[in-house]
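Chemist: next come a sequence and a model predicted from it.
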Amino acid sequence: MASMTDVIFLLLIFFMITSTVVSPNAIKVLLPQGKQQTSAKPLTRVIIDKDLNYYAAFGNDKEQALTLDGLTPFLQSCAAKEPEMYVALYADESVPYREIVKVLNIANENHFKMVLATRPPENK
């Protein structure tokens with residue numbers, strides 16, 4: 001019985017440590033629903049919240065506030081670190097489409113691979 005307690009304790013420690021490695025989005029955005037989820041692992045995140053504030057982060061770094069003009073240099077510096085990076089765009093579902101297109105145009109002009117983040121559909 002004592003060895004079983006040790007195993008459970010070690011598993012508990014393991015899951016506590018690995019759960020802190022996952023980097024959840026600190027900025028809360030309500031993503032639109034989508035049936036297909038991306039399998040690409042984005043290295044760079046661009047987030048547009050409902051108030052049209054822009055945030056970006058590379059890898060597991062914390063998101064930093066940016067302006068739309070500051071987004072291009074930030075993404076270029078990330079591409080210099082990792083040329084094969086994917087950029088994930090997390091836009092709140094209330095964000096006007098023109099704001100999303102602005103970010104897509106930046107990615108297209110700089111030949112960045114971009115994916116749009118969605119949330120899974122709700123089961124009824």
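Modeler: Thanks, I have the structure now.
Chemist: CA atoms for contacts and neighbours, from now on please.
Modeler: Will do.
Chemist: go ahead and flag the most central residue of the protein.
Modeler: In the chain, the C-alpha nearest the mean C-alpha coordinate belongs to Arg45, at 4.1 Å (CA atoms, centre = their mean).
Chemist: wait, a strand at that one?
Modeler: Yes. Counting by DSSP: H, G, I helix; E, B strand; the rest coil, Arg45 is part of a strand.
Chemist: give me the distance between Arg68 and Met85.
Modeler: To be clear, residue 68 is Leu; Arg isn't right here. Distance check for Leu68 against Met85: by CA to CA, to the nearest Å, it reads 20 Å.
Chemist: circling back: could I get the pLDDT score of the residue nearest to the centre of the chain?
Modeler: Note on Arg45: pLDDT of 88.
Chemist: doesn't Asn60 make contact with it?
Modeler: No. At 9.5 Å, Arg45 does not count as touching Asn60 under the criterion of CA atoms under 8 Å.
Chemist: thinking again about what came up before, out of Leu68 and Met85, which sits in the busier spot?
Modeler: With neighbours defined as other CA atoms under 10 Å, Leu68 and Met85 compare such that Met85 has more, 21 against 15.
Chemist: with adjacent residues omitted, what lies nearest to that one?
Modeler: In this structure, Met85 finds its nearest non-sequential neighbour in Leu43, 5.7 Å apart by CA to CA, 6 or more residues apart in numbering.
Chemist: just give the number of residues close to the one you found.
Modeler: Around Leu43 sit 18 other residues, with neighbours defined as other CA under 10 Å.
Chemist: tell me the contacts of it?
Modeler: Taking CA atoms under 8 Å, 6 or more residues apart in numbering as the definition of contact, the neighbours of Leu43 are Phe58, Gly59, Met85, Tyr86, Val87, Ala88.
Chemist: perfect, that will be all.
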